[in-house]
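Undergrad: can't give you the sequence, but here's the structure:
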């Protein structure tokens, strides 16, 4: 690799913290950074913004693999409150909803023909503190925003 590309432009404190934590688990810093850059390139190739990946991972970790439904979403939403306020989570769902759930937001509503997905999103939104109302395949969400 060319010397000018040997270092990534990140905050020094963040790089030091990553290096320290990687040493604890026995991984080399360069191996991990290389893997992360490759993953970011793959994400971009698949139409996902790499900046949204932490949100996707938090939601997936809170839900658990292959799990869904209102109760699962409600519990996951309660866990996600540690990271997001209701309005902030609505913004996150607007960005990552299409990638992880296949739903899109229009105004203050999410639409899906999959009842289980809609129930999961209803639970998530209720869990983070939004009010929801479902009408067939549309979920209306109120997170206290005057213009949603």
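TA: Yep, that arrived. All figures in this text were calculated on a predicted structure; none of them were measured in a lab.
Undergrad: Going by C-alpha atoms from here, please, whenever you check contacts or count neighbours.
TA: Fine.
Undergrad: mind checking how far the lengthiest helix in the chain is from the chain centre?
TA: Secondary structure of the chain per DSSP state H: the longest helix is helix 29-45. Here the centre of helix 29-45 is set off from its chain's centre by 18 Å, with CA atoms, centre = their mean, to the nearest Å.
Undergrad: average pLDDT across that helix?
TA: Averaged over helix 29-45, pLDDT sits at 88.
Undergrad: so where's the chain uncertain?
TA: Within the chain, the stretches with pLDDT under 70 are 1-8, 145-148.
Undergrad: quick one: the strands in it?
TA: For the chain, the strands defined by DSSP state E cover 104-106, 109-111, 131-135, 138-142.
Undergrad: per the record, what domains does this protein have?
TA: 10-45, 51-142 (automatic domain parsing).
Undergrad: Which positions in the first one come out as buried?
TA: The reference is to domain 10-45. By neighbour count with 16 or more other CA atoms under 10 Å, domain 10-45 contains the buried residues 19, 29, 40.
Undergrad: For that domain, measure first residue to last.
TA: This stretch, domain 10-45, spans 23 Å end to end (CA to CA, to the nearest Å).
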